[in-house]
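1. Predicted model and sequence below, questions to follow.
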Amino acid sequence: MQSGTILVINCGSSSIKFALVNAQQGDFALSGLAERLGSAEAVLHWQLDGQKHDLAIAGADHRAALAHLLPLVQQVAGNQLVGIGHRVVHGGEHFTAASRIDAATLAAIRATAPLAPLHNPANLQGIEAALGLFPELPQVAVFDTAFHQTLPEHAYRYALPEVLYREHGVRRYGFHGTSHRYVSVRAAELSGLPVSNSCWLSAHLGNGCSTCAIVDGQSRDTSMGLTPLEGLAMGTRSGDVDANLFGHLSRTLGWSLEKIEQMLNQHSGLLGLSGLSNDMRSLEQASAQGHAGASLAIEVFCYRLAKSLAAMSCALPRLDGLIFTGGIGENSALVRSKTVAHLTLLNLQLEPTANAACVRGQSGPIELPGHPRVLVIATNEERQIALDTLATIQLVTDVN
Ligand code: AMP
């Protein structure tokens, strides 16, 4: 494995998540979040040697926040810092792997912005700020979509007129690729199987949720599509709905495109169904106290998830195991058991004590002996981004 420390940066429109990742060490020496950037309430939170710190950085933009971070990074990493890895949401069809950032990479990320109008411009802001502040360091873009570029055409094409694909890039891309890749490699390691000969179903269940079918280390199908709205019911996203809903709401309620998009992305999913919260932990508590909306939201979430996993199984020649990850997948024994209960046709069954024990980062197998593997695996997208960054830098150095 390559050595060196990588600064991993994940920029949103008003936030930057960061971590200093050393490929040889499990824990991050430094990690944190700058949020509410561009406002008077801008603040930098970081964790260093287990201690939490906060600093008000009123009015700071992405560049100013990174400038505040710079001395901390230098203090912790010193001359071990060998590069910066940026999470970029959408790489379109252009990027099938991580890419060293240069003028051509920047232009291609910019050209992909129409496919991710909220995310890619924010990612670019972070990259440009980091290039200004760390001009001497190699920087790498790691794409959420790249892992899914191995989908076969019958999985990535919509049944729409071909011109929309050929001329406008309308196809299924998939997201959460960094997480699905990381946990499927870990699953193979934990099971003593070679990645190159292993078949997994993976469920990444966070505030955004997706499933993936992974064969021999390659994504063969996934539930998200052109955008991260497709597929499962999520925290605030609806997942699949009848596409005619747009016309229906426009005609019957006079809703604008923007209003419908906002409803589907921000007011639906667990939040919309429960009328209470997008947070699974809150819903589990409310459901236990008899809140009907919370119970319904959990039932719909699990049933839709099971249906998606069953659909993903069409892409597998055999099943070596089902992986649960993300905040919900890693912590909710209830969601795991309700989901697997719908999958008896795949012969899946959980061992209740093992299932209950897998919370707060505790990974492990939770299936009943004699049934296909079910694994809870803590995802670590920062670590995967750091590994991809190191590999990309190494590759470029070797070629030069
Ligand atoms: P993420 O986006 O991966 O951080 O996941 C966020 C989701 O994980 C939220 O819906 C949380 O409520 C959920 N989550 C975190 N811890 C638990 C828990 N102990 N039980 C149920 N859901 C949890």
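-> Sure thing, it's come through.
2. got a pLDDT number for residue 335?
-> We have a pLDDT of 98 for residue 335.
3. What residues sit buried inside the helix or strand of the chain with the lowest mean pLDDT?
-> When the helices and strands of the chain are scored by mean pLDDT, DSSP states H and E, helix 381-399 comes last with a mean of 85. Neighbour-count burial for helix 381-399, counted by 16 or more other CB atoms under 10 Å, picks out 381-393. Placement of C-beta: from N, CA and C, glycine included.
4. which SS state does the residue in the stretch 251-400 of the chain positioned nearest to the ligand fall under?
-> Closest approach between the stretch 251-400 of the chain and the ligand, counting by CB to the nearest ligand atom: residue 327, at 2.1 Å. At residue 327 the chain is in helix, as set by DSSP: H, G, I helix; E, B strand; the rest coil.
5. ok, now residue 221?
-> Here residue 221 is strand, with the state taken from three-state DSSP.
6. The stretch 251-400 of the chain against the ligand: which residues are in contact?
-> Proximity of the stretch 251-400 of the chain to the ligand, by CB under 6 Å from any ligand atom, involves residues 279-281, 284, 326-328, 331-332, 359.
7. Out of those residues, which end up buried?
-> Buried, going by 16+ other CB under 10 Å: 279-280, 284, 326-328, 331-332, out of those.
8. Flag the shaky bits of this structure, pLDDT-wise.
-> 1-3, 395-400 (pLDDT under 70).
9. domain assignment for it?
-> 5-143, 193-380 (automatic domain parsing).
10. Look up how far the ligand lies from the residue nearest to the spatial centre of the chain.
-> A centroid search over the chain (CA atoms, centre = their mean) returns residue 176, at 3.3 Å, as the residue closest to the centre. Computed as CB to the nearest ligand atom, to the nearest Å, the residue 176 to the ligand distance reads 10 Å.
11. Now that residue: phi and psi?
-> phi 60, psi 20 (degrees, to the nearest 10).
12. Residue 281 now?
-> phi -60, psi -50.
13. mind checking the longest helix of this structure?
-> Of all segments of type helix in the chain, defined using DSSP state H, the longest is helix 292-312.
14. List the contacts of it.
-> Outside helix 292-312, the residues that touch it by CB atoms under 8 Å, 6 or more residues apart in numbering are 201, 203, 205, 209, 211-213, 221-223, 231-233, 239-240, 270, 273-277, 280, 282-284, 286-287, 322, 334-335, 338-343, 345-346.
15. so what's the residue of the stretch 1-150 of the chain found nearest the ligand bridging to?
-> Closest approach of the stretch 1-150 of the chain to the ligand (CB to the nearest ligand atom) occurs at residue 17, with a separation of 11.1 Å. In this entry, residue 17 is beta-bridged to residue 10, residue 33, by DSSP bridges.
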